[in-house]
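Peer 1: Structure here, sequence nowhere to be found:
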């Protein structure tokens, strides 16, 4: 069963706690500001840096996206598993199905990103498509980590 939901976060500390609680040994993050991007970075045991106004944390189970809204953040959860506490379904009666596909990363020398686009050399990334089961319409594409084979 897949789940797509949202939640309002009131502070940076609450967002950092949410990210830390849902990180695992294969978690990564990507931060965005108006003038730069972080690239894809491995998330250690806790989210120590200050989150950007917009970003995402992902692993093989879920992706959490956030965007600053006023003094807090709107957080979107995309997961193949069950909802996390306090996340409300994005569409009440929508049944979601997912499909995982390979993904290609931009070359680290790509010039369309400010300060270049950096990521770990051994990163095995994929994309998880979230589709409305009734219409087969893709609504979201989440980053995920490919299973080791």
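Peer 2: Arrived safely, thanks for sending. Small disclaimer: the values here were computed from a predicted structure and weren't measured. Numbering: from 1, shown residues only.

Peer 1: going forward, measure contacts between C-alpha atoms and count neighbours the same way
Peer 2: Noted.

Peer 1: Residue 14 is in what secondary structure piece?
Peer 2: For residue 14, the element it lies in under DSSP states H and E is helix 12-21.

Peer 1: Report the next helix or strand after that helix in sequence order.
Peer 2: Moving toward the C-terminus from helix 12-21, the first helix or strand encountered (DSSP H and E) is strand 28-32.

Peer 1: tell me the mean pLDDT for that next one?
Peer 2: Mean pLDDT, taken over the full extent of strand 28-32, equals 91.

Peer 1: residues contacting the residue nearest the centre of the chain?
Peer 2: Within the chain, one residue has its C-alpha closest to the average C-alpha position: by CA atoms, centre = their mean, that is residue 63, at 3.2 Å. For residue 63, the set of contacting residues under the criterion of CA atoms under 8 Å, 6 or more residues apart in numbering consists of 56, 57, 77, 78, 79, 142, 143, 144.

Peer 1: how much space is there between the nearest residue in space to it that is not next to it in sequence and residue 98?
Peer 2: Nearest non-adjacent residue to residue 63, counting by CA to CA, 6 or more residues apart in numbering: residue 78, 5.2 Å away. From residue 78 across to residue 98, the span is 10 Å (CA to CA, to the nearest Å).

Peer 1: quick one: common contacting residues for these two?
Peer 2: For the pair residue 78 and residue 98, residues contacting each of them under the criterion CA under 8 Å, 6+ apart are 2, 130.

Peer 1: Who has more neighbours out of these two?
Peer 2: When neighbours are counted by other CA atoms under 10 Å, residue 78 comes out ahead of the other of residue 78 and residue 98, with 26 against 22.
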